[in-house]
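**Student:** no sequence for this one, just the structure:
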């Protein structure tokens, strides 16, 4: 069983629409959750993190966390072609020297 | 200005050779990581060092040997390279207390022929 699951996509949305990216995780004790963006041929870049249930907004990005359902999502409002990238969900368990586990990523294509 | 740097950016070599990749961070972080990203884009952690101490050592062939001379540097030496080692290797750094907030280097694309 994969520890962090994402739909690989591609997810295609028209410019200006809301893109919704989803992630589920298996470790119920996970405490912190991250979204990284990776452009083709580039390195991952942290864009959002969320630690508590609910929503967290930063500009056009909203991260949503539901620990009971073990579900985290990223909404991108007013999607732009420059948002076209692979979005990696990452989960960090609690306590000690533990490793971040990345999902396989969802490729987002924003169509002009 | 570069926060996390890696050298070389590209590495093309033949099977059986030994090669090294170097990483440096100037963010003042105390923890550094090596990741492997394969052709399917799966990002898998290999090693992590905190203040020069190895804290994460995933199931990686012992042909891979990391070394951290100080908390700003992390190197990866690979012996007897195999075709399956071809991938992009990323270095990253963070504070240990914020281990999910990682800053990645530009990556080293290793091609073994």
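**Tutor:** Sure thing, it's come through. Predicted model, so just to flag it, every value in this text is computed and none were measured.

**Student:** next, residue B:97: phi, psi?
**Tutor:** phi -80, psi -10 (degrees, to the nearest 10).

**Student:** residues near it, how many?
**Tutor:** 8 (other C-beta atoms under 10 Å in any protein chain shown). All C-beta atoms are positioned from the backbone trio N, CA, C, and that covers glycine.

**Student:** now swap in residue A:35 and tell me
**Tutor:** Using other C-beta under 10 Å, the number of residues around residue A:35 comes to 24.

**Student:** that one sits in which helix or strand?
**Tutor:** According to DSSP states H and E, residue A:35 maps onto strand A:30-38.

**Student:** likewise for residue B:88?
**Tutor:** Residue B:88 is part of strand B:87-94, with elements assigned from DSSP H and E.

**Student:** who does that strand touch, helix- and strand-wise?
**Tutor:** Where contact means 3 or more C-beta pairs under 8 Å, 6 or more residues apart in numbering or on different chains; DSSP states H and E, strand B:87-94 is packed against strand B:4-7, strand B:19-25, strand B:31-37, strand B:73-78, strand B:103-104, strand B:108-112.

**Student:** so which of these is the most surrounded?
**Tutor:** Most buried of these by mean neighbour count (mean count of other C-beta atoms under 10 Å in any protein chain shown) is strand B:31-37; its value is a mean of 24.

**Student:** for that one, packing partners?
**Tutor:** With contacts taken as 3+ C-beta pairs under 8 Å, 6+ apart, strand B:31-37 sits against strand B:19-25, strand B:43-50, strand B:73-78, strand B:87-94.

**Student:** repeat that with 6 Å
**Tutor:** Applying 3 or more C-beta pairs under 6 Å, 6 or more residues apart in numbering or on different chains; DSSP states H and E, one finds that strand B:31-37 makes contact with strand B:43-50, strand B:87-94.
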